[in-house]
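Asker: Give me a model of this one.
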Amino acid sequence: MTGRLHFGEDNHPNHQDDIEGQPRASTAGRGMSVGRSKSIVSLTALEGMDEYTALSNYIQRYRDNKGASSSPDADAADANKKSPWWKFWRAGTAPTAQPQDLGTVPNEWLDTDIRHGISITEVDTRRKRYGFNELSSEKTNWLKQFLSYFTGPILYVMEIAALLAAGLQDWVDFGVICGILMLNALVGWYQEKQAADVVASLKGDIAMKATVVREGAEHLILAREIVPGDIVVIEEGQTVPCDARLICDYSDAEEGFATYTKLKEEEGFSDESDPDDEKDGDASDDEENPIQGGHAIIACDQSAITGESLAVDKYMGEVAYYTTGCKRGKAYGICLTSARYSFVGRTASLVEGAKDQGHFKAIMNSIGTALLVLVMFWILAAWIGGFFRHLKIATPSNSSVNLLHYALILLIVGVPVGLPVVTTTTLAVGAAYLAKQKAIVQKLTAIESLAGVDVLCSDKTGTLTANQLSIREPFVVEGQDVNWMMAVAALASSHNLKSLDPIDKVTILTIKRYPKAREILEQGWKTEKFTPFDPVSKRITTICHMGGDKYVCVKGAPKAVLNISNCDEETAKLFRDKASDFARRGFRSLGVAYQKNDGPWILLGLLSMFDPPREDTAQTIVEAQQLGVPVKMLTGDAIAIAKETCKMLALGTKVYNSQKLIHGGLSGTTQHDLVERADGFAEVFPEHKYQVVEMLQQRGHLTAMTGDGVNDAPSLKKADCGIAVEGSSEAAQAAADIVFLAPGLSTIVLAIKTARQIFQRMKAYIQYRIALCLHLEIYLVTSMIIINETIRVELIVFIALFADLATVAVAYDNAYSEARPVEWQLPKIWIISVVLGILLALGTWVVRGTMYLPNGGIVQNFGSVQEILFLEVALTENWLIFVTRGGKTWPSFQLIGAILGVDALATIFALFGWLSGGVSDATNPASHFKQRQDGWVDIVTVVVIWAYSIGVTIIIAIVYYLMNQITWLDQLGRKDRSNKDPAIENMIAALSKLALEHGTDKHGTQRYVLATRAAEEEDDE
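Answerer: Numbers count the residues shown, from 1 in each chain. Below is the predicted model:
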């Protein structure tokens, strides 16, 4: 690391005169979160100062200004400009590279001078060829999206029905069917676009930023705007924005760039690089790239790519990979290619073709397929009945009583054309609502997963706690000075003031309380090397010089610091006891020690840090448990601190050291039981998070996992619902299903409730739509067979239109949140829907049957069989949604308004006999009431039909309520959330301890044999 802070050399247009206090980020990989500015200090006076003078001034002048916010960068604003609305064919990214390019960039493009960068005109030229620097377009081609609403099995059937209507020259039916298709497509397209715009506007707030050199100045831009050949600045705490070849250290630009240019001309750099080759860290084995002289320029966390937990040192000419996290240093690099051709991009392209449609899509397909099979069955039954009555294929042409019209009618009523649209738009509208609550849904199917989550694995810092560290009174070893200890602690901290770790930040700012410690820091210190925290040594180390003496300053885990220090047993015992005492009180302890001129290590004492729980966390945890979502705390803190935090938060105290998972001698069922019953794990590394998620999933649990760092990306991907918390790194955000912009556990629990409400809307609509299909299929086919009668096809298409018009508003309905994790329970949905469909069909048959009575039954003065049946069917079907949505919340005014609107329209149809077709064909037995030739229905009869339909709806509601009270039916289709299979679990555990060995037997034959794996191999895993 360099010995200076080069504030004066940063010409970011967005820096102005302040440092943005970085939000919470893990030590594994910190993201650069733009848009929040909690900590501000003027930098004007710091420009040109050396490292420790700048540090001293930062301590003195720091002030907390939570209300401050940074103004948006002009370049970023330009990046958000949309294409004109009429250029719908260019709604996605700029034209991407041609297939023949394969990401290969011309050599002359990679000769950029780090002092001048490339010009704006060159940027446009290169982007036209290689596209934006992103793995996939965030925008959608809306024309293509609109056309997609006409595809799918259900919609294909409706399109066949339209063609059949055209073939029968039923132009009214043809027009209405086309209108239904167009209405569904328009509504779905519009609602999804609106929701996408809301989500996209918030996604802009978390978009990755990068610093580039263009036309002789540094600019802060969106990372997606980087082009090949751009000079990028990579520094600690940021995510690497592209595959970049390292040029030189930021503080050594002139000499370093000259050396880089010379080596490049000598072809000292490899054209190809693989991050897996760097895992061993053995430069001597790398014949392709021998240039590793001097000190490393930066260190990158490549765990998300290679699985290597330690940061990898990067030297001049080596490649820093896209989406990895920079953990140390600051350097210039040159962009080698766009993201889609980067190492990560090429890996992602291998699985592009295998698009996972998700569980939701599978559910929709299974329902659609079942309904199509039922339609074929009912058409076959209607045709068999028609054969016995000797019906013609398509004549008479002015009647609906022929075989092709029967098929057309049943295709219209049996296929819920609105099902894909309403369910998709319900998810889209829900995603927009979640976005307003500061939860960005990366993919719509994540809402379904979140609604079904039954275990939430949460990290502690910033989610359960307030992430407001404060240092209490430190413990100082006898004979040592507290001011010297605080100075050493500050020396053993990162001095990159723009991206300070929360622990380093609070350590440095605590110097305010120790003026003499600040005086020590002002005595001319020079930093030779800074090594940030790593999970193996559990220490932060700084090598520095002052007055001709060399000092090695260390702070870290108490045990790790004690192990390297030379102190007597009494001091060591007191040190351990004090660390235990701090832990019991919920304080995080950091040991501090130093070494002078390679002499003995001297133990100085302990810093005690406290991160208080958020005010709402305890209540939120209780609320989550009431929702059937127990919270498991995963923290890197010591077990005593974890237990104390659990007590404060009303969590259980069954907290275990995460090492017990791997090295505790547990395996198989015992290991799974430990994970399932634990309330939390302490001293957790990212690989432990992955293991916890995997074991919970093997037991049948739907698991949500929170994370913030690059190292958390694998576990976020593995979880059923990965949640990137506020202030998380870009890599964590990319891996997560949902990104939260607001802090705390309450935001997550609120999102779970909202997801369950969205799920309830979809479930209510699906039950409603299946029942509607079955209602008309049962009634019409039985009436075709029994009395050779049907409702006219012209009226049938309007019934289908009214059903879709009324239920478009379902996406905006008020829904309730289940008190337990939700599931589709398809067997229960089908049973209830079938019963509701049969009840509706019986209700329609009662109306038709009364019209055979000598007094006309339901007809008071005059009417039309077609219009009376049409009105009764329309009313009872529209009101069914009030039954399936449940009575725990009042319906929204949008839903009530939509249903009353179509009810009024259906009533007008009946009153004025629209599309009645005149007097119905004679039936056997004959109807005795007065039928008008124009099909009008008197107002009194209409009122009676309304009253009757209300009565039918009430009876159906009672039956629906009683069915939901049946215990076995309520549990039907629910999965076992604790699926314990000891035999399988133990067998897998036993197999994991075996290895395949190759050897030669006594006869000289080579064989492969199973043998017990060596202990070292098991530990490596």
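Asker: ok now the helix or strand hosting residue 759, how far from the chain's centre?
Answerer: In the assignment (DSSP states H and E), residue 759 maps to helix 745-787. With Cα atoms, centre = their mean, to the nearest Å as the basis, helix 745-787 stands 26 Å off its chain's centre.
Asker: by contact count, what packs against the very next helix or strand once past that helix?
Answerer: The helix or strand immediately downstream of helix 745-787 is helix 793-807, counting by DSSP H and E. When contacts are defined as 3 or more Cβ pairs under 8 Å, 6 or more residues apart in numbering; DSSP states H and E, helix 793-807 packs onto helix 171-203, helix 403-414, helix 745-787, helix 865-884, helix 893-912. All C-beta spots, glycine's among them, are computed from the backbone N, C-alpha and C.
Asker: name the helices or strands packed onto the shortest one?
Answerer: What that stands for is helix 403-414. Other helices and strands packing on helix 403-414, by 3+ Cβ pairs under 8 Å, 6+ apart, are helix 153-167, helix 358-388, helix 745-787, helix 793-807.
Asker: In CSV, list the ones you listed along with distance to residue 184 and mean pLDDT.
Answerer: As requested, those are exported to CSV (distance: least, Cβ to Cβ, whole Å; pLDDT from 0 to 100):
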stretch, distance to residue 184, mean pLDDT
helix 153-167, 8, 87
helix 358-388, 14, 87
helix 745-787, 13, 92
helix 793-807, 6, 86
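Asker: want to throw these into TSV with distance to residue 739 and mean neighbour count?
Answerer: Shown next, in TSV, are the helices and strands packed on helix 403-414 (distance: least, Cβ to Cβ, whole Å; neighbours: other Cβ atoms under 10 Å):
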stretch	distance to residue 739	mean neighbour count
helix 153-167	33	18
helix 358-388	18	16
helix 745-787	11	23
helix 793-807	31	24
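Asker: Among the ones you listed, which comes closest to residue 487?
Answerer: Residue 487 sits nearest to helix 745-787 of all the helices and strands packed on helix 403-414, at 37.3 Å, using Cβ to Cβ.
Asker: Over to the residue of the chain positioned farthest from its centre: give its phi and psi.
Answerer: In the chain, the residue that sits farthest from the middle, by Cα atoms, centre = their mean, is residue 854; the gap is 65.0 Å. Phi and psi for residue 854, reported as degrees, to the nearest 10, are phi -60, psi -30.
Asker: swap in residue 131?
Answerer: phi 80, psi -180.
Asker: Give me the neighbour count for it.
Answerer: Using other Cβ atoms under 10 Å, residue 131 has 21 other residues around it.
Asker: Quick check, it in contact with residue 341.
Answerer: No. When contacts are counted by Cβ atoms under 8 Å, residue 131 is not listed as touching residue 341 (9.6 Å).
Asker: which residues sit in contact with the residue farthest from the centre of the chain?
Answerer: Residues in contact with residue 854 (Cβ atoms under 8 Å, 6 or more residues apart in numbering) are residue 928.
Asker: next one: residue 320
Answerer: Going by Cβ under 8 Å, 6+ apart, residue 320 touches 234, 240, 243-246, 298, 300, 314, 326, 333.
Asker: how about low-confidence regions in the stretch 251-400 of the chain?
Answerer: The model of the stretch 251-400 of the chain has pLDDT under 70 over residues 267-295, 303-310, 347-359.
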